[in-house]
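Participant: let me see the structure of the following:
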Amino acid sequence: MKHGFHIPVLGLAFSVDTPLKVAKFGINSVVSIVDDELIERMRLFYLEKNNIQGQPIQKKDGDYRAKRITAYLNLLKQLVEADVRAMEDSAFLPGSDLNKYFDLLPHSSPDKKIYLEMSKMEPGKERDVLSHKLKSAIQAGDIDVNIMSKVDKINFDTKGVTLEDKHSDALAALRGFAYSTLRSSVVLSAGMNPRLYQYIAELSAFLPNDVGELEKKITLKVSDFRSAYIQAKYLVKKGIWVSEFRIESGLNCGGHAFATDGYLLGPILEEFKQKRQELLQELSGIYKSALLQKGYLQVPDFTIRFTVQGGIGTAQEQSFLLTYYGFDSVGWGSPFLLVPEATTVDDETLNHLIHSEREDFYLSNASPLGVPFRNFKKSTAEQERLERIRKGRPGSPCTKKYLISNTEFSETPICTAARAYQHAKIKELETQQLSVEAFRAAYHKITEKACLCDGLAAAAYLKYGISKPKESTAVAICPGPNTAFFQETYSLQQMVDHIYGRAPIALSDRPHFFINELQLYVDYLRNYIQDIAQDDRKVKFAEKFKVQLLDGISYYRTLGKLFGKLNVFDLPAFLSGLTTCEEQLLKLQH
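Facilitator: Next comes the predicted model:
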């Protein structure tokens with residue numbers, strides 16, 4: 001990697017074409033391949049923009065979902081490679097992409113040092129030698145893809161006949177990546193899907209090639225060590241190597257939030273730090289046995305990358321994660337929503353993000369998946385949802401059907417954000433003779449579900465003018481709470497300079513990201529306790545949760561004393577934040 005950071009997946013639209021904006025500068029990023037409709041429209045848009053001939057891939061075409069994904073990923077690779085060639089053929093001039101490539105590199109980069117040396121030279125043979133050397137060192141960032149493992153509905157043909165498992169949403173998306181020309185990783189998130197994991201083992205693209213290389217790699221996005229170990233062991237037993245563990249904060253993140261049972265990020269990272277070598281050795285042994293059984297005569301030794309993301313916001317935090325925990329890269333997600341050079345956010349949503357307050361970013365039950373979801377109060381999708389309720393017509397039309405799962409009122413699954421479901425559910429509610437207060441609470445629980453399939457794709461349709469007639473362009477966006485501290489738009493250079501500490505962005509009243517996450521977990525537990533009544537099982541869970549948080553606070557106190565003198569973080573403020581959260585935690589009663 002040329003950089004010590006990466007841009008994680010951001011919803012559906014927000015990073016759908018991020019590689020076209022940043023890969024030429026050596027920056028890794030992740031594209032969601034959930035929505036083949038969005039992907040196909042983006043492909044046609046970029047074909048036209050670049051005067052490249054191409055035909056639409058229709059839904060009537062066989063295996064259309066996988067084919068759309070393959071075609072788009074191949075196009076991304078083609079366009080990024082063309083950008084890199086153009087840089088290699090250009091001259092070092094102020095404001096050029098070539099200069100920008102090296103300006104963005106961290107000062108620790110050997111290439112950056114050569115570039116700075118060359119910049120001081122007069123034109124001549126010696127400068128030309130260094131110029132050629134630098135151009136030869138240009139390396140595009142990886143174009144990784146993301147699949148939410150649990151978004152995996154079974155599909156039907158035009159006659160309503162159930163298709164084979166390999167045509168389910170997640171498996172078709174995986175196949176689309178596997179058949180592409182990319183040499184990169186698929187980031188698997190949202191837990192284990194045995195059907196999907198079994199299918200990975202059936203695709204030769206994820207096995208070593210003739211020269212012992214992995215052209216397609218597996219990255220597991222996890223929230224704790226146990227989950228990483230279980231999933232990785234399942235895969236290596238099938239002869240599939242896990243090239244990266246991407247640890248994400250359970251709550252201090254954007255999108256869907258998978259809270260741990262009170263385990264905080266710091267102790268989780270410490271466990272990975274202490275056990276990483278043991279984990280590598282165990283997985284390697286299992287993997288080699290599995291490949292020998294598959295007929296491989298020699299099994300190459302592969303390494304594992306460890307990366308982390310979720311709420312990071314300063315150069316000090318970035319450096320701390322790389323040096324103390326020994327991680328390979330840090331993910332910066334939500335702050336890049338405010339970098340138009342890197343992400344795709346429509347103008348209205350971008351303006352709302354800039355002028356937002358902390359309370360505008362909240363953990364909701366809006367997702368039809370039934371998983372807590374980071375929401376934004378000022379989004380046009382949220383305003384549209386509330387307006388439909390005011391008009392007495394809650395719920396959304398359900399066109400894409402990626403999140404259908406409920407069969408309470410129909411034989412075929414339906415989405416809980418759909419108008420048909422919410423209408424039926426409210427009718428059922430009206431027969432239960434509840435108190436006014438109980439009815440309102442139940443009604444809100446039903447109508448809080450929002451259409452994410454359309455909403456999370458709409459920003460790209462608006463930004464590039466590719467929406468269809470009568471199609472909703474209300475934008476849903478799922479920024480992490482860390483976004484509240486970034487209150488302007490930034491250039492790519494400004495954000496990267498901030499990440500590396502060359503020109504820090506002023507962030508008012510922002511606690512250390514460990515403290516931010518801790519406060520989120522205390523709030524989460526408080527809300528959980530309010531809803532558990534006298535359920536013994538849930539009471540025991542809350543007690544365990546609380547103990548884990550207190551253990552995490554003890555770990556942070558030890559860490560603070562260890563690093564406070566080294567100016568890794570503001571020790572008095574850090575310890576004060578711990579004390580405040582601890583006091584809140586001790587007051588919680590179930």
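Participant: and after whichever strand or helix holds K445, which helix or strand comes next?
Facilitator: Take DSSP states H and E as the rule and K445 turns out to sit in helix 436-447. Remark: after helix 436-447, the chain's next helix or strand is helix 452-455, criterion DSSP H and E.
Participant: contacts for the helix or strand following that following helix, please.
Facilitator: As assigned by DSSP H and E, the chain's next helix or strand after helix 452-455 is helix 458-464. Applying Cβ atoms under 8 Å, 6 or more residues apart in numbering, the external contacts of helix 458-464 come out as 11-14, 16-17, 38, 41-42, 45, 344-349, 381, 466-467, 471-477. Every residue, glycine included, has its C-beta placed from N, CA and C.
Participant: PyMOL command to pick out the buried ones of those?
Facilitator: The PyMOL selection below is limited to those of the contacts of helix 458-464 classed as buried (16 or more other Cβ atoms under 10 Å):
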select buried, resi 11+12+13+14+16+17+38+41+42+45+344+345+346+349+381+472+473+474+475+476+477
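Participant: buried residues, the helix holding K445. List them.
Facilitator: A442, Y443, I446, T447.
Participant: now tabulate these in CSV and tack on pLDDT.
Facilitator: Below are those laid out as CSV (pLDDT from 0 to 100):
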residue, pLDDT
A442, 95
Y443, 97
I446, 97
T447, 98
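Participant: closest to Q530 among these?
Facilitator: Each of the buried residues of helix 436-447 was checked against Q530 using Cβ to Cβ; the closest is A442, at 16.0 Å.
Participant: which one is the closest one nearest to, not counting chain neighbours?
Facilitator: Nearest residue to A442, sequence neighbours excluded (Cβ to Cβ, 6 or more residues apart in numbering): L429, at 5.5 Å.
Participant: what's the answer for N209, then?
Facilitator: E215 (5.8 Å).
Participant: then V236?
Facilitator: Leaving out its chain neighbours, the residue that sits closest to V236 by Cβ to Cβ, 6+ apart is Y287, at 4.2 Å.
Participant: quick check: next helix or strand after the worst-scoring helix or strand of the chain on mean pLDDT?
Facilitator: Counting by mean pLDDT, DSSP states H and E, the chain has its least confident helix or strand at helix 536-563, which shows a mean of 92. For helix 536-563, the following helix or strand on the C-terminal side (DSSP H and E) is helix 571-587.
Participant: pLDDT averaged over that following helix - what is it?
Facilitator: Throughout helix 571-587, pLDDT has a mean value of 95.
Participant: which residues touch that helix?
Facilitator: With Cβ under 8 Å, 6+ apart, helix 571-587 has contacts from 511-512, 514-515, 518-519, 522, 525-526, 546, 549-550, 553, 556-557, 560-561, 563-565.
Participant: dump that helix to CSV, keeping only the CA atoms.
Facilitator: Extracted C-alpha coordinates of helix 571-587, given in CSV (Å, rounded to 0.1, in the frame of the first residue of the first chain):
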residue,chain,number,x,y,z
LEU,A,571,-4.3,12.5,29.2
PRO,A,572,-6.3,14.8,31.6
ALA,A,573,-9.2,15.0,29.0
PHE,A,574,-9.0,11.3,28.3
LEU,A,575,-9.1,10.3,32.0
SER,A,576,-11.9,12.8,32.7
GLY,A,577,-13.9,11.3,29.8
LEU,A,578,-13.4,7.8,31.3
THR,A,579,-14.6,9.0,34.7
THR,A,580,-17.7,10.7,33.3
CYS,A,581,-18.7,7.6,31.5
GLU,A,582,-18.0,5.4,34.5
GLU,A,583,-20.2,7.5,36.7
GLN,A,584,-23.0,7.3,34.2
LEU,A,585,-22.5,3.6,33.9
LEU,A,586,-22.6,3.0,37.7
LYS,A,587,-25.9,4.9,38.0
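Participant: the inter-axis angle of it versus helix 536-563?
Facilitator: Interaxial angle, helix 571-587 versus helix 536-563 (axes from the mean of the first three to the mean of the last three Cα atoms, to 10 degrees): 160 degrees.
Participant: list the buried residues of helix 571-587.
Facilitator: For helix 571-587, a neighbour-count test (16+ other Cβ under 10 Å) marks F574, L575, G577, L578, C581, E582, L585 as buried.
Participant: how much space is there between the fifth one and L507?
Facilitator: This points to C581. C581 is 20 Å from L507, where distance means Cβ to Cβ, to the nearest Å.
Participant: again with the first one
Facilitator: The span separating F574 from L507 equals 15 Å under the rule Cβ to Cβ.
Participant: what's the answer for the last one, then?
Facilitator: According to Cβ to Cβ, L585 stands 26 Å off from L507.
Participant: what does the second one give?
Facilitator: Shown here: L575 relative to L507, a distance of 20 Å by Cβ to Cβ.
Participant: okay, and for this protein, where does confidence drop off?
Facilitator: Residues of the chain that meet the criterion pLDDT under 70 lie in 533-534, 564-567.
Participant: just the buried residues of helix 436-447 now: which is nearest I154?
Facilitator: Top of the list for closeness to I154, among the buried residues of helix 436-447 and by Cβ to Cβ, is I446 at 25.5 Å.
Participant: buried residues in the helix or strand containing the residue nearest to A442?
Facilitator: Assessed by DSSP H and E, L429 sits inside helix 419-430. Neighbour-count burial for helix 419-430 flags R419, Y421, Q422, A424, K425, I426 (criterion: 16+ other Cβ under 10 Å).
Participant: ok, and what's touching that helix?
Facilitator: Helix 419-430 has contacts (Cβ under 8 Å, 6+ apart) with 393-398, 406, 408-410, 414-416, 439, 442-443, 446-447, 449.
Participant: again, but for stretch 331-338
Facilitator: 5-10, 14, 18, 246, 248, 253-254, 307-310, 312-313, 318, 342-343, 345, 350, 353-354, 477, 479-480, 482-483, 486, 488-490, 495, 499.
Participant: do that again at 6 Å, thanks
Facilitator: The contact list for stretch 331-338 (Cβ atoms under 6 Å, 6 or more residues apart in numbering) reads 5-8, 10, 254, 309, 342-343, 345, 479-480, 482-483, 486, 489-490.
Participant: is it possible to get JSON lines of the buried residues of helix 571-587 that adds distance to F25?
Facilitator: As requested, the buried residues of helix 571-587 are exported to JSON lines (distance: Cβ to Cβ, whole Å):
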{"residue": "F574", "distance to F25": "34"}
{"residue": "L575", "distance to F25": "39"}
{"residue": "G577", "distance to F25": "35"}
{"residue": "L578", "distance to F25": "38"}
{"residue": "C581", "distance to F25": "39"}
{"residue": "E582", "distance to F25": "43"}
{"residue": "L585", "distance to F25": "43"}
